[in-house]
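# quick one, what's the 3D model for this:
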Amino acid sequence: MTTSNAWFVFFVSVAVVASSSTLADFSYSVSPAVIRPGESAVLEIRLPETDLLRPPTEDDVPEAIDDLLVKAPGLEMLDQDYKKEEGDYVWRYRFTGYKLGDFFLPPLNVKFGPQNFSTERVPLKIQSERSPEDTELRPDADRVPPPWDWGLLAVLALAIAAAAAGYRYFPRLKRKWKTRPPKVVVTPPPPAENPLEWLRKQLLVLRALLDTSPNDPTAPDRWFSIIKEFTARKTHQPAVAWTTTEMRKRTRGDEALVPITPLLEACDRFKFSKERDGKATTSPGKVTLEWIDESERILL
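The predicted model follows:
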């Protein structure tokens with residue numbers, strides 16, 4: 001009984017497959033059937049969903065067995081595509097060839113469950129537009145124009161426009177630049193240093209000099225010059241060649257400068273008097289240090 005059932009199922013399956021393959025609307029065609037070398041032809045295969053015994057699922061769809069088609073002798077497959085269009089399962093294969101002659105696209109099988117659909121060999125001819133008697137040596141195609149680089153053309157156009165604008169307007173601008181008065185940059189003078197700060201720095205410099213050269217004979221003159229420059233900075237009057245007498249006149253109305261006058265007179269006596277106020281044996285550096293201390297006490 002089991003053997004009879006197995007044979008029954010086998011014969012039913014064969015009958016179903018034979019009937020589905022014979023009665024189906026399964027179709028295929030190649031377009032165009034005649035091409036020139038380098039042109040392409042498309043083999044299209046259509047399988048209506050209504051020809052299937054059961055509806056397909058996402059994981060179970062018709063499958064094309066195209067191993068022989070991919071290796072068609074004398075032809076080259078450019079691309080292939082598979083999609084569903086308005087209830088039909090569609091496969092498209094695009095071929096090309098470069099040798100003249102008659103070629104055949106091998107058969108292709110489409111399987112879905114127990115159903116099997118198959119194409120036959122499809123002819124594809126590659127021929128030239130010349131007649132067999134035309135043996136003249138000449139190119140088959142017309143002269144191909146060189147490709148245009150539109151980006152480069154745009155850059156060249158902008159460069160030409162800029163050059164034209166410069167040629168048109170630059171002489172005018174050049175004349176304007178020539179007639180335009182030069183720009184004068186006024187640099188503000190640095191802020192004036194406080195006379196007292198200046199005096200403090202100069203006395204410190206002189207004191208440091210005397211530490212290394214205590215017997216410097218020019219020390220009294222240096223101290224006198226510092227006091228004279230300080231007076232000029234404080235009274236805002238240039239001190240070109242002030243003597244002690246002139247400085248006394250200029251500082252007469254300034255109570256801060258009046259006490260320094262006795263030191264100036266003592267400096268004159270030390271430099272020009274033989275007696276030097278009893279300091280004939282005193283070194284110039286030592287007496288200058290005394291004047292520095294006294295002037296710092298009076299002025300600072």
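
# C-alpha only now, for contacts and for neighbours.
OK.

# helices of the stretch 1-150 of the chain, start to end?
Remark: helices assigned in the stretch 1-150 of the chain by DSSP state H, counting those that start in this stretch are 2-23, 67-70, 150-179.

# can you tell me which of these has the worst average pLDDT?
The stretch with the lowest mean pLDDT among those is helix 2-23, at a mean of 46.

# residues in contact with Trp291?
If you count contacts by Cα atoms under 8 Å, 6 or more residues apart in numbering, Trp291 has them with 223, 263.

# mind checking how far it is from Ile260?
If you measure Trp291 against Ile260 using Cα to Cα, to the nearest Å, the figure is 10 Å.

# quick one: distance of the helix or strand hosting Arg248 to the chain centre.
Secondary structure from DSSP states H and E places Arg248 in helix 244-250. How far helix 244-250 lies from its chain's middle: 72 Å, per Cα atoms, centre = their mean, to the nearest Å.

# may I have whichever helix or strand comes after it as PDB, with CA atoms only?
For helix 244-250, the succeeding helix or strand toward the C-terminus, using DSSP H and E, is helix 261-272. Taking Å, rounded to 0.1, in the frame of the first residue of the first chain, the C-alpha atoms of helix 261-272 are listed here in PDB:
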ATOM      1  CA  THR A 261      70.300 125.100  45.500                       C
ATOM      2  CA  PRO A 262      72.800 124.800  48.300                       C
ATOM      3  CA  LEU A 263      73.900 121.400  46.900                       C
ATOM      4  CA  LEU A 264      74.400 122.900  43.500                       C
ATOM      5  CA  GLU A 265      76.600 125.700  45.000                       C
ATOM      6  CA  ALA A 266      78.600 123.100  47.000                       C
ATOM      7  CA  CYS A 267      79.200 121.200  43.700                       C
ATOM      8  CA  ASP A 268      80.500 124.400  42.100                       C
ATOM      9  CA  ARG A 269      82.900 125.000  45.000                       C
ATOM     10  CA  PHE A 270      84.200 121.400  44.900                       C
ATOM     11  CA  LYS A 271      84.800 121.600  41.200                       C
ATOM     12  CA  PHE A 272      86.200 125.100  40.900                       C
END
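
# quick one: helix 261-272 to chain centroid distance?
Here the centre of helix 261-272 is set off from its chain's centre by 75 Å, with Cα atoms, centre = their mean.

# buried residues in it?
For helix 261-272, a neighbour-count test (16 or more other Cα atoms under 10 Å) marks 261, 263-264, 267-268, 270 as buried.

# got it, and stretch 75-93?
75, 77, 88-93.

# out of the residues you listed, what pair is the most spread apart?
Greatest spatial distance among these (Cα to Cα): Leu75 and Asp88, at 27.2 Å.

# helices and strands around the helix holding Arg248, which ones?
helix 261-272 (3 or more Cα pairs under 8 Å, 6 or more residues apart in numbering; DSSP states H and E).

# relative to helix 261-272, how tilted is the helix or strand following the helix it packs on?
Counting by DSSP H and E, the next helix or strand C-terminal to helix 261-272 is helix 284-299. With axes from the mean of the first three to the mean of the last three Cα atoms, to 10 degrees as the basis, helix 284-299 and helix 261-272 are set at 170 degrees to each other.
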